[in-house]
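Engineer: Sequence and predicted model, in that order:
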Amino acid sequence: KGGDVYMQGSGGILGKAVEQGLFIELPEDKLELEKFTDGAIDGYVYKGKLYGLPMGLEVPAFIYNKKLVSSIPEKWDDFITEMKKITDIQNDKYGFLMDITNPYFFVPLFDAEGGYVFRENNGVYDVEDIGLNNDGSKKVFKMLKNYVDEGILPKNMGFDVMQKKFTDGKAAVIFDGPWSVNTYLNAGLEIGVAPIPQFSNGNYPRVFSGSYGLAISAYTKNFDAALEFLEFATSKNSIMKYFAQTKRIPPL
């Protein structure tokens, strides 16, 4: 009884919807898939079949207030040194804020030290091999605990509170995503965006990614028209308009 086309998240959210029989497979040979980045398209493939097209990507990164810091150092240790100079938790001043209770944000740090959620072998995940308690993950847990003990990171702070601190100009850097950029711009902040700095072992933390796109209902009675709309909505012109409004990264 719903619409023919739905705005749909990628990855596991898409897979669950497909398992529920909600979306119909798309004809890859009729679509210009080469215009999309590989990662963007991969998020809409489930069990080898394509079920959607991306409109905007989401990846977390360091968002910084240019009035408080001019740039983000390239090395993690240098970054922490700079943040320590700024931080004065007792006086409600923060150099760096991140949600250390949320795997979406802390697993990338694990990654740089050899930690992982599931071991990946040739593109296949081994759900019996969990790397959240290996030596690399333990090292990062201890690192984060030290930051709390040293007063670099606050011990208890909800993500919405962190965002409010940043919006109010009380924090220099926050680990956040494109979904918050408009909020910060509308607050009058001059912001920059940077990747997570390189760890001392030479590795760069790899962040999780997701996307928003379009899928066609399995109950559609207008498949050809729905597919035509998907092509229109994922054209360069449409995607750039979507980016201008949402700040989600163009998947082209």
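Structural biologist: That came in fine, so what should we check first? The structure displayed is predicted, hence computed values, not measured ones.

Engineer: for residue 155, helix, strand, or coil?
Structural biologist: coil (DSSP: H, G, I helix; E, B strand; the rest coil).

Engineer: now it: how far from residue 164?
Structural biologist: Here residue 155 is placed at a distance of 17 Å from residue 164 (Cβ to Cβ, to the nearest Å). All C-beta spots, glycine's among them, are computed from the backbone N, C-alpha and C.

Engineer: out of these two, which sits in the more crowded spot?
Structural biologist: residue 164 (15 against 11; other Cβ atoms under 10 Å).

Engineer: can you tell me the helix or strand for the more buried one?
Structural biologist: Take DSSP states H and E as the rule and residue 164 turns out to sit in helix 159-167.

Engineer: How about residue 137?
Structural biologist: Here residue 137, judged by DSSP H and E, is contained in helix 135-149.

Engineer: Could I get the average pLDDT for that helix?
Structural biologist: Helix 135-149 comes out with an average pLDDT of 96.

Engineer: In it, which residues are buried?
Structural biologist: Residues of helix 135-149 classed as buried: 136-137, 139-141, 144, 147 (neighbour count, 16 or more other Cβ atoms under 10 Å).

Engineer: Could you give the separation of that helix from the chain centroid?
Structural biologist: Centroid separation between helix 135-149 and its chain, computed with Cα atoms, centre = their mean, to the nearest Å, is 22 Å.

Engineer: So which residues lie in contact with it, not counting its own?
Structural biologist: Here helix 135-149 makes contact (Cβ atoms under 8 Å, 6 or more residues apart in numbering) with 80, 100, 106, 109-110, 112-115, 131, 153-155.

Engineer: Any figure for the gap between residue 152 and residue 63?
Structural biologist: Residue 152 sits 18 Å away from residue 63, going by Cβ to Cβ.

Engineer: Which of those two has more residues huddled nearby?
Structural biologist: Between residue 152 and residue 63, residue 63 has the larger neighbour count (other Cβ under 10 Å), namely 23 against 19.

Engineer: Am I right that that one is in a helix?
Structural biologist: No. Counting by three-state DSSP, residue 63 is not found in a helix; it is strand.

Engineer: That one contacts residue 179, doesn't it?
Structural biologist: No. No contact is recorded between residue 63 and residue 179 when judged using Cβ atoms under 8 Å, the distance being 11.0 Å.

Engineer: show me where the stretch 1-150 of the chain has helices.
Structural biologist: 12-19, 38-42, 76-86, 103-112, 135-149 (DSSP state H, counting those that start in this stretch).

Engineer: Next, count neighbours for residue 94.
Structural biologist: The burial count for residue 94: 24, using other Cβ under 10 Å.

Engineer: so it makes contact with residue 161?
Structural biologist: No. Contact criterion Cβ under 8 Å: residue 94 and residue 161 do not qualify, at 10.8 Å.

Engineer: helices and strands of this protein: which one bottoms out on pLDDT?
Structural biologist: Within the chain, no helix or strand scores below helix 38-42, which has a mean of 89 by mean pLDDT, DSSP states H and E.

Engineer: Please list the residues outside it that contact it.
Structural biologist: Residues outside helix 38-42 that contact it (Cβ under 8 Å, 6+ apart): 33, 50, 54, 57, 209, 211, 251.

Engineer: Distance to residue 14, neighbour count and pLDDT added to those residues, as TSV?
Structural biologist: As requested, those are exported to TSV (distance: Cβ to Cβ, whole Å; neighbours: other Cβ atoms under 10 Å; pLDDT from 0 to 100):
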residue	distance to residue 14	neighbour count	pLDDT
33	16	16	96
50	10	17	97
54	11	27	97
57	14	24	93
209	14	18	89
211	10	28	91
251	14	25	96
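
Engineer: if we can go back for a sec, C-alpha coordinates for the helix holding residue 164, CSV please?
Structural biologist: What follows is helix 159-167, C-alpha atoms only, in CSV (Å, rounded to 0.1, in the frame of the first residue of the first chain):
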residue,chain,number,x,y,z
PHE,A,159,26.7,12.3,22.0
ASP,A,160,24.0,15.0,21.9
VAL,A,161,25.8,16.8,24.7
MET,A,162,29.1,16.6,22.8
GLN,A,163,27.5,18.1,19.7
LYS,A,164,26.0,21.0,21.9
LYS,A,165,29.5,21.7,23.3
PHE,A,166,30.9,21.9,19.8
THR,A,167,28.0,24.0,18.5
